[in-house]
Each structure stands twice: as C-alpha cells, then as structure tokens.
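*Asks:* sequence and computational prediction follow.
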Amino acid sequence: MTADKEKRRAISREAARKRRRVESDVFGDLSRLLPLQPSARAHLDKPSVIRLTLSYIRLNALLKGNFRTGAVDAQLNGTCDHGGEKEETSLYLRILEGFLMVVSTDGDMIFLSDNVSRYMGLTQTELMGHNIFEFTHPCDHEEIRNNLRLSPDEFWGGAKRDFIMRIKSALTQRGRSANLKSATWKVLHCEGRAMVSVAPATVSCLLLTCQPLPLSHTLLSKHTFTSQHSMDMRFTYCDHRVTELLGYSPEELLGRSIYNLCHALDTSCLTKNHVSLFLKSQSVSSRYRILVKGGGYVWAESHSAVIPSIRPSRSRGGVTQPLCILCVTYILSEVEQPFLQLSVDQTVQRFNI
C-alpha cells in the first residue's frame, strides 16, 4: 500500500514537472514573439508576458482598423530591427521632448513609446498593459475620466484632447531611477485626439503626446518672454522682450492683470489654465490671443508654474518672498488685424494719463 502511494506521488511529481516545462516553453515562445529588444525580454516574468501580449494584441487591432495611426505604427516598428524607421522615430521623439501614449477609453495604457523611461524613470514594459489610474494622482482621476469619455458627437469626429495630469515618476532630482514606492508626482501636459476603429471590431482610444512641465528652457528664443504674477495673475515683473513682441514696456504692465491683455473670446482658456495652476502647481494654456499695444493681437501659449514662498533670510532683510506665478509665454504668430482695437487698454493714450 505504501509502495503504491509512493509510486503515485512520483508520477504526480513528474507530471507537474512536465506541465511546468511545457508552460515555460509556451511563455518563452510567447515572449520571443513580442516586438521587444532581447535585453528587455530577458527580465520578463510570466504575468508581464501576459500583460504585454494583451497590450500588443489590442494595439494590433487598432493598427488593422480603418484609421492608420502613423506615429504609433512607426514607433511599433521602431521597437523591432528596422534601422531607418527606428532612427526616424527616435528623431521625432527627441523633437517632441516627451513621449507617446495610447490609452483605451477604459484607461488601459495600450502603448507607450520606449523613451518614456527618460521622463518617468519607468520603462515601457513596466507601464504597458497597466491602467492609467494606478499611476496618476487621485485628484486628477475625474478629469482623466472626462477626457477618456467620448460623447456621441465626438465618436466619429476625432475629438481633440488637451489636459494636465500628475503621474508617478521614479526619477530622482539627479536623473536616476528610484524605487516606485518612493515615487514623486510629475506634471504632464497631454495633448492629442480620440481615435476610433470600426474593423474588425469597434475599438476606441486616445492618442496622446505627453510632455513634462516645465518644458526645457532650450526652447526660449526672441519670440518668448518671461513674467511673474501675483496669484490673481497681475503682473509683478516682466522682462524687456515683451516690448518688442507686444509693444508694452515692462513698467506699463505692472499691476495689470493678464486677463486685461487677453482677447475676450479666450478668457475661458486662461481661466482653465489658472484653475490647473491652483490644483497642480504647473500648467500650460491652450493657444490664445494677446492684445498688442496700438491694435491687433498675436497668438500665444503660456507655460506656468506656482513658485512657493521662501522663508525670510538675513540677506533679504527678513522679508518673506510671497507665493507667485512664473510664466513663460511663447508668441506663435505675427500681429493680426493691426488696425483693430479691441480694448481701451490698447490705446497709447491709456498709458499717458
């Protein structure tokens, strides 16, 4: 009786070993089919293989649909060994100063470009297949859901998306990767559009470019000026380049609100930017119109950050630096309709009183 029991146990152990070998072979074959570099495949466990496989199946369904998301297609090919396409995609991503994300309307991150590690300290394989709500700030979840949701009017129209969100970053201040448990929040400007595929099945997603804020100051040029504001957006400082770009001297702007310089139809744009600043400490506006001294307007975009108060120091005579807003404004156009005055603040006489 005992011998029979031992024999059954031996047969059971051998069957279990065989199942594990077959399972390992299946997962090995599956991982080799993933369009990843061999070094990335070597560190994948079984749950990761399943997660990434499902993501690439969903991405493949998108690419076979009625629309062609060229940027996604190029990046997917770039993960394979297509030299020319990989170099071209890498160039696009360097110019972007951010990374690409494809997220389903359920919040699943179907795809991220492989340069995401440069900005987040987390690799492409660590993020793909996970839900975006696992990595984003709880206070931003409602706004993210609103942007993932497609109304009937937007379903076929490729509706645009432009929002700010905070996401976990494992990068330290020195640019090194840390443990996710000690992750900090990084503010991202997400911009893109909703896309829908109807064949072979209806699949919808958002194709987004994600740029960390503040953007690199290498973008500063003669078409850019910096300014400092109180929390109600009144100018407390402006650099001299504003005179060449808008016609106002820095002294003329002190104490005035940015809303006085904004085209009346674009105040909602600045209000949205202002609210994001209070909630997330950093924001970037949509394109809006700034009125030019003497008449007309230019199109602009402002990147803003809340600068916290500084403790009083002896060098400052014990004076505390108050909370303020720092803005970098990019002028995107020449002056349009230069003879049209839309506000009394545009008149030269306004500043001679």
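*Replies:* Thanks, I have the structure now.

*Asks:* what are the ranges of the strands in the chain?
*Replies:* 99-104, 109-112, 160-169, 184-197, 203-212, 224-229, 235-238, 282-284, 288-291, 297-307, 324-331 (DSSP state E).

*Asks:* Phe339: which of the ones you listed is closest?
*Replies:* strand 297-307 (11.7 Å; CB to CB). C-beta here means a position set from N, CA and C on the backbone, and glycine is covered the same way.

*Asks:* now the strands of the chain in CSV, with distance to Thr2, mean pLDDT and mean neighbour count?
*Replies:* Conversion of those to CSV gives the following (distance: least, CB to CB, whole Å; pLDDT from 0 to 100; neighbours: other CB atoms under 10 Å):
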stretch, distance to Thr2, mean pLDDT, mean neighbour count
strand 99-104, 57, 91, 23
strand 109-112, 55, 91, 24
strand 160-169, 57, 87, 19
strand 184-197, 61, 83, 20
strand 203-212, 59, 85, 21
strand 224-229, 86, 89, 19
strand 235-238, 90, 91, 18
strand 282-284, 72, 86, 23
strand 288-291, 85, 93, 22
strand 297-307, 76, 89, 19
strand 324-331, 81, 89, 20
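
*Asks:* now those strands as a markdown table including distance to Asn60?
*Replies:* Shown next, in a markdown table, are the strands of the chain (distance: least, CB to CB, whole Å):
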| stretch | distance to Asn60 |
| --- | --- |
| strand 99-104 | 12 |
| strand 109-112 | 10 |
| strand 160-169 | 23 |
| strand 184-197 | 11 |
| strand 203-212 | 10 |
| strand 224-229 | 42 |
| strand 235-238 | 51 |
| strand 282-284 | 33 |
| strand 288-291 | 39 |
| strand 297-307 | 36 |
| strand 324-331 | 38 |
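
*Asks:* tell me which of the ones you listed lies nearest to Val26.
*Replies:* Going by CB to CB, the one of the strands of the chain nearest Val26 is strand 109-112, 23.3 Å.

*Asks:* who wins for proximity to Thr267 among the strands of the chain?
*Replies:* Across these, closest to Thr267 is strand 288-291 (CB to CB), at 8.6 Å.

*Asks:* who does the closest one touch, helix- and strand-wise?
*Replies:* Judged by 3 or more CB pairs under 8 Å, 6 or more residues apart in numbering; DSSP states H and E, the packing partners of strand 288-291 are strand 297-307.

*Asks:* return the strand it packs on as CSV; C-alpha atoms alone will do.
*Replies:* Taking Å, rounded to 0.1, in the frame of the first residue of the first chain, the C-alpha atoms of strand 297-307 are listed here in CSV:
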residue,chain,number,x,y,z
TYR,A,297,-3.4,90.7,-31.5
VAL,A,298,-0.9,87.8,-31.6
TRP,A,299,-1.5,84.1,-30.9
ALA,A,300,0.4,82.8,-27.8
GLU,A,301,0.8,79.9,-25.4
SER,A,302,1.9,80.2,-21.8
HIS,A,303,3.7,77.7,-19.6
SER,A,304,3.1,78.5,-15.9
ALA,A,305,4.3,77.2,-12.5
VAL,A,306,3.5,78.3,-8.9
ILE,A,307,6.6,79.3,-7.1
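
*Asks:* what's in contact with that strand?
*Replies:* 213-215, 228, 245-246, 263, 273, 277-278, 281-292, 323-337, 342 (CB atoms under 8 Å, 6 or more residues apart in numbering).

*Asks:* wait, which of the strands of the chain is closest to Ala15?
*Replies:* Short answer: strand 109-112, nearest of the strands of the chain by CB to CB, at 37.8 Å.

*Asks:* what about the helices in this protein?
*Replies:* 2-33, 38-41, 46-63, 70-78, 83-96, 116-120, 124-127, 141-148, 241-246, 250-253, 258-261, 267-280 (DSSP state H).

*Asks:* who are the packing partners of the longest one?
*Replies:* Read that as helix 2-33. Packed next to helix 2-33, using 3+ CB pairs under 8 Å, 6+ apart, are helix 46-63.

*Asks:* how big is the angle separating the helix it packs on from strand 99-104?
*Replies:* 90 degrees (axes from the mean of the first three to the mean of the last three CA atoms, to 10 degrees).

*Asks:* can you pull the buried residues of helix 46-63?
*Replies:* Ser48, Val49, Arg51, Leu52, Thr53, Ser55, Tyr56, Arg58, Leu59, Leu62, Leu63 (16 or more other CB atoms under 10 Å).
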